[in-house]
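>>> This is the structure alone, sequence omitted:
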């Protein structure tokens, strides 16, 4: 089933929201003085941004799949990044949380990439 324009817009907006969340994580890490971890998040965030830009450029084309499944996946990954931010605020094993957050961002990149390949 092809996605309609409203569904495409929703998916792109969810990816953009997740990207903003990743940027918040990077900022939190920089304020903590953990530039190495912040750089890892920045790199993953940059890759996600590139995928979002590509999808925006192709948004008028048809995507195959189910919008709800895609949105749920994006929300789950964003929640994981949000959780990392909360735990880092509480000084809970920052390195482990950064690895998890970068993994969640990479999962978002995979979602965006699959969407792009379906164009």
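Sure thing, it's come through. Nothing here was measured: the structure is a model prediction, and the numbers come from that model.

>>> Tell me the buried residues in the lowest-mean-pLDDT helix or strand in the chain?
Least confident helix or strand of the chain, by mean pLDDT, DSSP states H and E, is helix 67-89 with a mean of 82. Using 16 or more other CB atoms under 10 Å as the test for burial, helix 67-89 gives 67, 70-71, 73-74, 77-78, 80-82, 84-85, 87-88. All C-beta atoms are positioned from the backbone trio N, CA, C, and that covers glycine.

>>> Pull the residues that contact it.
Residues from elsewhere that reach helix 67-89, judged by CB atoms under 8 Å, 6 or more residues apart in numbering: 3, 7-8, 10-11, 14-15, 17-18, 21-22, 24-25, 28-29, 32, 93-94, 97-98, 100-101, 103-105, 107-108, 111, 115.

>>> residues in contact with the one helix or strand residue 110 maps to?
Secondary-structure element containing residue 110, defined by DSSP states H and E: helix 94-117. With contacts defined as CB under 8 Å, 6+ apart, helix 94-117 is touched by 11, 15, 18-19, 22, 25, 29, 32, 34, 37, 40-41, 44-45, 47-48, 51-52, 54-55, 58, 63, 65, 70, 73-74, 77-78, 80-81, 83-85, 87-88.

>>> what inclination does whichever helix in the chain runs longest have with respect to helix 94-117?
Ranked by residue count under DSSP state H, the longest helix found in the chain is helix 5-31. Calculated by axes from the mean of the first three to the mean of the last three CA atoms, to 10 degrees, helix 5-31 forms an angle of 160 degrees with helix 94-117.

>>> just checking, what packs against helix 5-31?
Helix 5-31 sits against helix 35-57, helix 67-89, helix 94-117, with contacts defined as 3 or more CB pairs under 8 Å, 6 or more residues apart in numbering; DSSP states H and E.

>>> what sits against residue 51?
Counted by CB under 8 Å, 6+ apart, residue 51 has contacts 15, 108-109, 112-113, 116.

>>> please redo it, this time with the cut-off set to 7 Å
Counting by CB atoms under 7 Å, 6 or more residues apart in numbering, residue 51 makes contact with 109, 112-113, 116.
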